[in-house]
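In: Okay, predicted coordinates and the sequence, questions at the end:
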Amino acid sequence: MATAAAETSHERPKQCPDAATKPSSGCPYSRGEKIPGPTAYPLIGSIPHLDLKAPFESMVTIQRQYGPVFQMVFAGKREISVCTRELAHEVCDESRWHKLVSSGVSTLRQVVQDALFTAHHGSRQWGISHRILKPIFGPLSVRSMFDEMSDVAEQLCLKWARHGPDHAIDVAADYTRLTLDTIALCMMDYRFNSFYRDGQHHPFVSHMVSILSEADIQAMLPDWAGFFRPRAMRKFKRDIQLMTELCRGMVEHRRRNPVARRDFLNAMLNNSDPDTGERLDDDEIVRNLITFLVAGHETTSGMLSFATYYLLAHPETLARAQKEVDDVVGTGPVSAAHLGRLPYLDAVFREALRLMPTAVAFYVTPYKTEMLGGKYVVEPGEAVCLLLDPIHRDRAVYGDDADEWRPERMLQEEFEALPPDAWKPFGNGQRICLGMAFTWQEAKLAMAMLLKNFDLEMHDPGYKLKIKHLLTIKPEGFKIRAKLRRGRTATDLHNELRRGGRRPQGEEEPVMSQDVPPLSQGKELAILYGSETGSCEALANRLAANLDSRGFKTTVGAMNSAVGQMPRLCVFICGTYHGKPAANASEFTHWVEELQPGSLDREHRYAVLGCGHSDWASTFYMAPLLLDAQLEVAGASRLLPMGKMNNARDDAFEVLDRWTGEILGAMCDGKPGTEAAAGWSPSWSSSPCFDVKVVESPNMNVESTTPSSPPGFCTATVSDLRTLAVDPDTGRREKGHLELILPVGMTYAPGWHVQVIPRNDKASIDRALCRFGLRSDAIVIVNAENGATGRGLDMPLGMPIPASHLFAGRDLRRAITRPDVVLDRLSELAVDDTARAALATTKAAESLRKNPRSLLDVLDQFPPSAVPVTLAELVALLPRMQARTYSFSSCPAHVAATAKTSPHAHGGQRATLTFSIVDQQTDPTRGVGSNFLSTLASQDPVHISVRPGQDGSSKFRLPSDPSTPVIMIGAGAGIAPFRAFVQQRAELLRNGAVLGRGLLFFGCKGPHDDLYRDELSGYSTDVVTVERAYSRPLGGGAGRYVADALLGLRRGEVVELWRRGAVVLVCGSKSLADGVVRTLVPILFGVDKLEGRIGTHVDQKDWWEKCMASGRYVAEVFA
């Protein structure tokens, strides 16, 4: 974090290091407020405040003392540290700030000069290197390195296996060997063979460690200090020389022995800059080689080390990660396709990097004088350090448990909901880490292989995390033990890995079956890509191969090649880069934007496949979505809705193959499923890749009677269930209240949601099994076929399980939504024309629309002999059981406060759900989730996943200022979040907060379903006032709805609360929300306009959109 002298393209202002304590009229810093920080001493600056053996911990301690902004002085220059997400967001604005090469990174310029990591902002050489190398790190290019990554990861696994379960493993050291060998093999086809060096590291590592350590020391010292450290300086230069010679030898060896590989080294040797035509000379190649070997393996090994530490320190998360790997990978080898289906492992690494970012900081400086945070002057050239530890633990973003390990907060939906710049371990903007996709694939592969094969535990259970700091950080002294799972030996593992099987070098993945009829004889088709990393280009070429084999005459090119001459039939495959199209698509995109409506005729037909990464939520699919819309506006005909490929979780080739089938159908007269589908067998076919064997002897040991939770979910326990409302006429239960004990470590907050995986009712399971003459307690064994992994089956392979578990992840009641797949398959199985005709009638869209039917409903029309579906085929055809989403109806602080005397106050946090119970007599295909909840009993397990509020920014919550008034509007079970908010307000009041007015409008049928009436009436008016609207009051009086109540006696109170800045929260059906908007908007708009809070020219629609954007009105609408 310390700052060394750094060259910069900007004039540096005259320094005034002690200005924070002694401002003067001549000091530029006197124009803003003084920045706090420890005393800076003459010559040595702030060095006395740092423990040079633990600089990371020292900076964290100083930050806690001085707050969100502080300054220190190193090498005679001021360094300002920012420590909150809000300030990080300000200085990550690349229109105002740019990267500054400072601290230890600046010292490394003595080693690698203008390499990618160390180049100054605006460096011409950086631009050339970046453009040449960026395609090597695209998602598909990285995917092609999977086999090399797996090779080295297998070496690590075999080493651990052969050392045995009692050996103390130095995790950081072995991960360093893993990551160094991986990047060398993948990037330059060079083997360091670190696992075969008798415990010693390769000389490259020894030189690197010495250089990084010395660079960090030099960064804290003034330039003249080197004169007093001649031995250290000589060793530093010698280490640089030796490391440079090693890398130069690799380059020279490749020149003498060229290979046909698309790797990092060949790109630097053979490729030229697409903009300037220039190539890299040998010195530049060596510098970038050193940069990637150092930066690429240090950060990844640290990330793996910290992730391992936190998993072992929190066994419940280790168990969840291991279960996810088991569920997805099964018993076969880990494949590239598996990695995209491990969301919890993604969350583990994100959370590890949040708590322990291996690169602890990065630096920026302003283009012009800036007022940081609105009060601190920063001049161009001054170093502003983004200290990631406090930024990543900002309680305003991550809550009161920001210092705790909780990977669930980093699952995809929650991660996407984070505000901008809350998570920055890979840097910022155009200088973001180029190798991020490489790091992620390498780390996930290694961790998946280790969790699949080993049970891990700490060598010293009492180990406390200690940090080792070079240029990056790692755990120090952290050792573990690894025991092979399932009683295997090292030889067993060796044989399994040897049998895992890979394609021979150079053999391509199969594109599609060759024995398929051509669809088109020479129809011309242009496939145009917009790509910076090469991924979209690779997809375009694969699509061309698919379509060429079906008779099309395809051409592939960059989108810019079609400016002013768009072909008649086009497919576009493009992504978004920093919010803009790729450089080779920008001119075409601009040309399309300038087209007038009708510029293209309907004979111009097109389709768009958008590529993106959901980690960049604000620009997700932005460029392809705009292209898709603008082409239609210009008059072209869209072949089919835009396809989407999310690099965060999708297998790109699987998505492309699926989309190929859709394209084939759309281009053949818009008739997908006819000749277009002939011979096309992508991986999404419904045919089962497994078989089910009924065990004749049921006296086998069946370990579990409850299916395990699916990936991303864990198990809560029911503590109580009660009925809240019963229909007075029919006696049917209408509303329920469920109390849960959450797993230890799982937290929630008012306004959050819980997703529940229902289980099929016993009657439905018995109905399905009866078709095969089985009972639910029959024993079956599921086995994968033809080398399949059984991925996604939601059940263990090769183990005896109850037959009822076959349907654990399938919905037996849900209506058929894909008749073209399900009913066509049943028709293929039907033995006579009578059954096939009946199925064709059922398939008619009008029939299914009027009378929704489940697969079991359809099968029950026929005896088993007429449509002989196997057990395996039935499971494959059934729709997956979807999670149902409910709002929490409790506040954890209130529950904890009221449970102090409860005999059940042990275990995890307690939470409640409030739900409506759907009448399945009316529609048997609905209500699976609510009826499942209504049949639970105390101690029953429930598979759940906790999610922040429905809208991505979690605005559905009480105002952060308790004194802000709040108007809550809900009906029926929509009262759930408001009960939680009322409890939260009660706790705030109990703790001394001054509350703004709280008004709850609640709609229900009548007194029988006036939910929580006694409980709500027990609160003082300081907490809440309830206005009820009965739609069917007793005695036959006139009913009213919530919208009517808003216009009633409390209309004036609503207007007054709005004047005082009230927030309006709505939860319920779409009709409820629409009615509230129709009622409230004209009233509140008129008040604001009359009283001058908005101008007379302001449009009501624009005003209301601003109210929603600012959080004054937030609605959660559920079906």
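Out: Okay, I see it.
In: all helices for the stretch 351-500 of the chain, in order.
Out: Secondary structure of the stretch 351-500 of the chain (DSSP state H, counting those that start in this stretch): helices located at 388-392, 395-398, 412-416, 436-453, 490-499.
In: The spatially most central residue of the chain - nearest residue in space that isn't next to it in sequence?
Out: Per Cα atoms, centre = their mean, the C-alpha nearest to the average position across the chain is that of residue 412, at 2.8 Å. Distance criterion Cβ to Cβ, 6 or more residues apart in numbering; nearest residue to residue 412, sequence neighbours excluded, is residue 343 at 5.7 Å. Glycine gets a C-beta too; all of them are placed from N, C-alpha and C.
In: ok, the one you found - how many residues close by?
Out: 19 (other Cβ atoms under 10 Å).
In: cool, and the one 10 residues further on?
Out: Residue 353: 23 surrounding residues under other Cβ under 10 Å.
In: was I right about it contacting residue 424?
Out: No. With contact taken as Cβ atoms under 8 Å, residue 353 and residue 424 are classed as non-touching, separated by 9.4 Å.
In: what touches both of the two?
Out: Common contact partners of residue 353 and residue 424 (Cβ atoms under 8 Å, 6 or more residues apart in numbering): residue 392.
In: Assumed residue 217 was part of a helix.
Out: Yes. Counting by DSSP: H, G, I helix; E, B strand; the rest coil, one finds residue 217 located in a helix.
In: thinking residue 282 is in contact with residue 248, fair?
Out: Yes. Counting by Cβ under 8 Å, residue 282 does reach residue 248; the two are 7.3 Å apart.
In: Just the buried positions in stretch 52-64, please.
Out: Buried positions in stretch 52-64, judged by neighbour count with 16 or more other Cβ atoms under 10 Å: 54, 55, 56, 57, 58, 59, 60, 62, 63.
In: Kindly report the same for stretch 558-577.
Out: Per 16+ other Cβ under 10 Å, stretch 558-577 contains these buried residues: 558-560, 562, 566-567, 569-577.
In: Repeat that for stretch 911-923.
Out: Taking 16+ other Cβ under 10 Å as the basis for neighbour counts, the residues of stretch 911-923 that come out buried are 911, 912, 913, 914, 915, 916, 917, 918, 919.
In: from the residues you listed, which two are the most distant?
Out: 911 and 919 (26.4 Å; Cβ to Cβ).
In: which regions of the stretch 501-650 of the chain sit below the pLDDT cut-off?
Out: Scanning the stretch 501-650 of the chain for pLDDT under 70 picks out 501-522, 533-534, 549, 578, 615-618, 649.
In: And the stretch 951-1100 of the chain, by the same measure?
Out: Looking at the stretch 951-1100 of the chain by pLDDT under 70, you get 951-954, 1036.
In: The same query, at a cut-off of 50, please.
Out: Counting by pLDDT under 50, the stretch 951-1100 of the chain contains low-confidence ranges at 951-953.
In: Spell out which residues make up each domain of this protein.
Out: 126-495, 524-677, 690-698+708-884, 951-1117 (automatic domain parsing).
In: and of those, who's closest to residue 42?
Out: Taking Cβ to Cβ as the criterion, domain 126-495 is the member of these that comes nearest to residue 42, at 10.7 Å.
In: got the contact list for the residue nearest to the centre of the chain?
Out: Counting by Cβ under 8 Å, 6+ apart, the residues that residue 412 touches are 343, 346, 347, 614, 648, 649.
In: Isn't residue 430 up against residue 116?
Out: No. Contact status for residue 430 versus residue 116: not in contact, 11.3 Å apart, counting by Cβ under 8 Å.
In: From the rest of the structure, what touches stretch 757-767?
Out: Taking contacts as Cβ under 8 Å, 6+ apart, the residues outside stretch 757-767 that touch it are 707, 709-710, 713, 775-776, 804, 807-808, 810-813, 856, 860, 881, 883-884, 928-929, 931-933, 935, 942-944.
In: Please flag which of those residues sit within strands.
Out: Judged by DSSP state E, the subset of the contacts of stretch 757-767 located in strands is 884, 942, 943, 944.
In: Please convert these to JSON lines, extending it with neighbour count, distance to residue 102 and pLDDT.
Out: Compiled in JSON lines, the ones in strands among the contacts of stretch 757-767 are given as follows (neighbours: other Cβ atoms under 10 Å; distance: Cβ to Cβ, whole Å; pLDDT from 0 to 100):
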{"residue": "884", "neighbour count": "17", "distance to residue 102": "51", "pLDDT": "85"}
{"residue": "942", "neighbour count": "23", "distance to residue 102": "52", "pLDDT": "92"}
{"residue": "943", "neighbour count": "22", "distance to residue 102": "49", "pLDDT": "91"}
{"residue": "944", "neighbour count": "24", "distance to residue 102": "46", "pLDDT": "90"}
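In: Residue 40: which of those is nearest?
Out: Closest to residue 40 out of those is residue 944 (52.9 Å), distances taken as Cβ to Cβ.
In: Does residue 278 touch residue 129 like I think?
Out: No. Contact status for residue 278 versus residue 129: not in contact, 10.1 Å apart, counting by Cβ under 8 Å.
In: how would you label residue 90: helix, strand or coil?
Out: Here residue 90 is helix, with the state taken from three-state DSSP.
In: Enumerate every residue touching the spatially closest residue to residue 656 that is not a sequence neighbour.
Out: In space, residue 656 comes closest to residue 539 once its chain neighbours are excluded; the distance is 5.4 Å by Cβ to Cβ, 6+ apart. Contact partners of residue 539, counting by Cβ under 8 Å, 6+ apart, are 140, 529, 573, 609, 611, 645, 652, 656.
In: Give me the next element, helix or strand, following the helix or strand harbouring the first one.
Out: Using DSSP states H and E, residue 140 sits within helix 139-143. On the C-terminal side of helix 139-143, the closest following helix or strand by DSSP H and E is helix 146-163.
In: could you point out which element follows that next one?
Out: Counting by DSSP H and E, the next helix or strand C-terminal to helix 146-163 is strand 169-170.
In: on contacts alone, who are the packing partners of that next one?
Out: With contacts defined as 3 or more Cβ pairs under 8 Å, 6 or more residues apart in numbering; DSSP states H and E, strand 169-170 has these neighbours: strand 479-484.
In: Compute the inter-axis angle for the strand it packs on and helix 490-499.
Out: The directions of strand 479-484 and helix 490-499 differ by 70 degrees, with axes from the mean of the first three to the mean of the last three Cα atoms, to 10 degrees as the criterion.
In: in strand 479-484, what's buried?
Out: Taking 16+ other Cβ under 10 Å as the neighbour-count basis, strand 479-484 is seen to contain the buried residues 479, 480, 481, 482, 483, 484.
In: again with stretch 88-102
Out: Those would be 88-94, 97-102, for stretch 88-102 by 16+ other Cβ under 10 Å.
In: What of stretch 741-748?
Out: Of the residues in stretch 741-748, those scored as buried under the neighbour-count criterion (16+ other Cβ under 10 Å) are 741, 742, 743, 745, 746, 747, 748.
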